[in-house]
Each structure stands twice: as structure tokens, then as C-alpha cells.
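>>> Please find the sequence and the predicted model below.
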Amino acid sequence: MERLTPEDAWFLYLEGPTVHMHVTGLLVLDPSTAPGGFSFQKLSHHIMGRLDVMPMLRRRLVEAPLAIDHPCWIDDETFALGNHVHRHSLTGSGSMDEVSAFVGQFAGTKLDRTRPLWDLVLVEGLDDDRTAIILKMHHCLADGVSGMDVMASLLDLTPSPELQRGPSSWQPEAPPSTPAVIAAAAWSRVTTPLRPLRAGAGVASSLVQLAGAAIRRRRRGGDSVTHPLNAPRTRFNASVSADRVVAFGLAPLEDLKTIRRAFDVTINDVVLAACTYGLRIYLEANGGIPDHALVCSVPVSTHGRAGGDGATNQLSTMFVSLPVHLADPVQQLRAIHDSSVGAKEVQDSVGVDMIRNVVEMIPTALFHLATRLYSQARLADRLAPIHNLVVSNVMGSPLPLYLAGAKVVAMFPFGPLMEGAGLNVTVLSNSDEMNIGIIACPDLVPDLDRLLDEMLNGITVLLKTAEQVA
């Protein structure tokens, strides 16, 4: 047995009937590059040949009775690839609209916790002789960085890789008995009795550091630090349903780099500015523009920094203002850059253990109960939003990639939705393109394609201004 770290368990505890804590990816493939052709059988054989370097795909969860401690990973003694790799044929025109509808349906279905927490579908029948792969994995298995590590194990830099074969000698360990699970969880608690106290002290220390960073920034003349619970209510800040819709598109990566250089900002600032431009227009047509900035939660990888203790998820969060109340796109970009600088200072001061400490401080059973009640009582409809939306930026490969010989034409990521925030934007660089994926609750965000179009228009508008500046 291998016990989940608090950081990984966090994403299990956040899950509820309408909140799915898996991440989803859509890979559009050109099968014409595959030597000998591309098929479902070839794909299955390819995945089977890589399982030895992805052991997490053959492990399932076992819960500690009475939530004594965090769950454990154990080998799935009934593992069968056919339970996780499927095929689906489109019955309509094979357009991207039809693909989008299927991805939304797939992303809106929870993973079965009695099996390894991943699922993959080969989608056939796309126009232009393309095919697609849709993969979803629970967030407790992968964050942005570790998720790309999984993709790196599946993908290749050439269409003709040397195929790895799974070890035929693999045998799952015998599943532990219930008394053994209880004994291990109890022993974990007994041998570390001060975990909640240390975690509480860590949270207190982080709050002190947070206050200190905000004071120092104000003394230097910077704007006030963006913080959660100061978000205006918009139409997409309410209780979410279990349904999901997606939209996705591409932007030339060089366009974002041109904007970055012209205004001396970061790529992430440009992404957030495009979101702000699109959200302003979208909100104007759907409920009105708030009189102050939106609060955006931006996950930040902490891989390679102290802490983590073997966690798959190593990330923190910074909160950035998205000034939808400003009309000028360049003013929006400059305000976002200033907010991002302050948010990064605060995030650095808080440290990398905030999530770990919060999870360890709150008893597991109480954590489960609180998240369940928050959702069932629809408290997101009555309480102030924690944040308005999540925007993630994941670094992909600068080189072309192949899956079982088929070239990856595009790779669109979709993150999870949080209760009270029915909109998530994730971007991923792939070769010379920025791949943009948006997922939303359809009850809260109608006409998602309109929002995507306006975000892409935001990049175009900023690019024209950047070229004039240059």
C-alpha cells in the first residue's frame, strides 16, 4: 500500500455529485503518418507497451474505514486494459462541433473509484480523415506537470518509435484485508500525532507571511494584493450542475510572443489579457460587466521546489485581477501584469505547503462532510464567490509529437470546475501553437463558443497594437 499525500488527497475530498475532479485532454491526430496505418488495435497495443513506465495506471484506491487517514493506492488485481480504452464512432458530419459535444459528455461523467482512475476513448469518423483521442485522469493522479509526464510516456518524437512491451511477468500484489487497512491507517495516525498541530502552525505562519507581503507591496507603492472572497458575482458564479460543455481553438504561439516582447510582460499575462478581453464582451451580453475586477485563480507549479514529499500534485495558487471594467485592451494587459507581479510575491511568501497544511489540519471526515454540505445546500448561490474562474497555463512540447505513429495535430486541455465557479480556461503550448481549452457548466455559461471567439479576438487586437508599438 502507498498512502496518498495530503496534496493528492485534496482533489479526492473536493469531489462531489456535481464536481468532477478529473482533467480531460483532447488529442486530434493525423493517422496518415503512422507506418502501417493506425487502428484501435494498434493504439491498445501501444498503450499496453507503455504501462510499465506508468504504474499509476494499474493502481486503484482503497479507502480507510471511517476516514481514519488518507486513502491508499494498491495494485488493481482485476486490471484489464479493455476497462479503460474504448472506441467511439461519430454518427454525424464528423465536424469539430460534434467532437466538442462528445467531449463535453465524456468530461461530465465521473470516473469509477473502484478501478484505476483514468479512461480513454478513440474517436473515429472525423472529417479531413482525422481521428481523436480523449483521455481523462483524476487530478489526484496528475497536475499539469505530472500530467505532461504521463503524456511524454505515451507520445514519441518520431512516427516510428521502438515499441516498448509491457512486462509479461507483472503480477499485482494481493489486496490488503480490511483489518490490515485499518491497522495501517491507525498506525499512521498514532506515529504522527502532531500532524494537525504542525499543519495549523504552518497555516498560521503562511497567513502571517501573506499579510507581510501585502504590507511590503503597499509600502513600495504597488496596488493592493488580489485575494479570494473579494470576487464580484457573475452569471457563472453559482452552484454547478454535473453537465459540462467545452470549446477549443488555436492561436499562433508567435503572436503571443510578439505581444509579450512589445509590452514587456509574460506569456501568462497575455493569456490572462485575452481572457479579460473576451470576458468583458461576453459579460456585457450576459448579465452585465461588474464595476471592479474579476478574481482569477491561477495554479502555479511548485515542482522542483522544497516540499511536496513525493506528491504527484505539487502546485500552489496565485490570485490575479482580471480588469473587465476597463475597456482598453492595453490597459487591461498592463493592469494584469502589475497584479501578477504582486500575486507572485505573495505566492512565494506563502510557501509550497499551504494545501498540505489545510488538508492535514482538518479531519478527513469533516472535510468530506463540509464539501458535501456546501454543494448540497447550494451555498455557492448565497455566499460570496471564492474566485470567479480558473485559468491554467501548461508548458507543452516545442517539437512535433506522435501517438502510435499518428501525428498530434492539436492537444486541447480541460481542467475541473470548482463549486461556485462554472468556468475553467486551460492553455497548452504544442509545437508552434497555443492550444486553448475551455470547459464550463452549460447552465451558467451558455454559448461558450462566443466566449472562445472573443478571447481569440483579444489576441488579434493586442497583436495589432503590439506591431504598431514595435
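Good, I have the coordinates.

>>> what ranges do the strands span in the stretch 1-150 of the chain?
With DSSP state E, counting those that start in this stretch as the criterion, the stretch 1-150 of the chain has strands at 2-3, 22-30, 59-62, 72-75, 85-89, 118-124, 131-138.

>>> same deal with the stretch 151-300 of the chain?
Ranges of strands within the stretch 151-300 of the chain are 245-252, 294-301, based on DSSP E, counting those that start in this stretch.

>>> count of neighbours near residue 341?
When neighbours are counted by other C-beta atoms under 10 Å, residue 341 registers 16. The way it works is simple: take the backbone N, C-alpha and C, and place the C-beta from them, glycine included.

>>> Please apply the same query to residue 399.
Using other C-beta under 10 Å, residue 399 is surrounded by 9 other residues.

>>> That one: what's its closest spatial neighbour, skipping adjacent residues?
Nearest residue to residue 399, sequence neighbours excluded (C-beta to C-beta, 6 or more residues apart in numbering): residue 157, at 5.8 Å.

>>> show me the contacts for that neighbour.
Neighbouring residues of residue 157 by C-beta atoms under 8 Å, 6 or more residues apart in numbering: 399, 400, 401, 402.

>>> Compute the number of surrounding residues for residue 159.
Residues near residue 159, counting by other C-beta under 10 Å, number 18.

>>> Was I right to think it contacts residue 35?
Yes. Using C-beta atoms under 8 Å, residue 159 is in contact with residue 35, at 6.3 Å.

>>> which residues do these two both contact?
With contacts defined as C-beta under 8 Å, 6+ apart, the residues adjacent to both residue 159 and residue 35 are residue 405.

>>> Any stretches of this protein with poor pLDDT?
Low-confidence segments of the chain, defined by pLDDT under 70: 162-168, 191-194, 196-197, 199-200, 202-203, 205-225, 304-310, 349-352, 354, 470.

>>> how is it carved up into domains?
If you go by automatic domain parsing, the domain ranges for the chain are 2-159+175-188, 196-396+416-469.

>>> isn't residue 181 right next to residue 67, touching?
No. Between residue 181 and residue 67 there is no contact under C-beta under 8 Å: 11.9 Å.

>>> picking up where we left off before, top of the contacts of residue 157 by number of neighbours, please.
Tallying neighbours with other C-beta under 10 Å puts residue 401 at the head of those, with 22 neighbours.

>>> Quick check on it: phi, psi?
The phi/psi pair for residue 401 (degrees, to the nearest 10) reads phi -120, psi 160.

>>> that older thread, between residue 181 and residue 67, which one's more packed in?
Shown here are residue 181 and residue 67; by other C-beta under 10 Å, residue 181 has more neighbours (21 against 17).

>>> residue contacts, the more buried one?
When contacts are counted by C-beta under 8 Å, 6+ apart, residue 181 touches 1, 62, 64, 65, 72.

>>> Pull out the buried positions in stretch 459-470.
Neighbour counts over stretch 459-470 (16 or more other C-beta atoms under 10 Å) mark 459, 461, 462, 463, 465, 466 as buried.

>>> actually stretch 419-428, not the one I typed
Within stretch 419-428, the residues that qualify as buried are 419, 420, 421, 422, 423, 424, 425, 426, 427, 428, counting by 16+ other C-beta under 10 Å.

>>> Could I get the contacting residues of the second one?
Residues near residue 420 by C-beta under 8 Å, 6+ apart: 237, 238, 239, 240, 380, 383, 385, 386.
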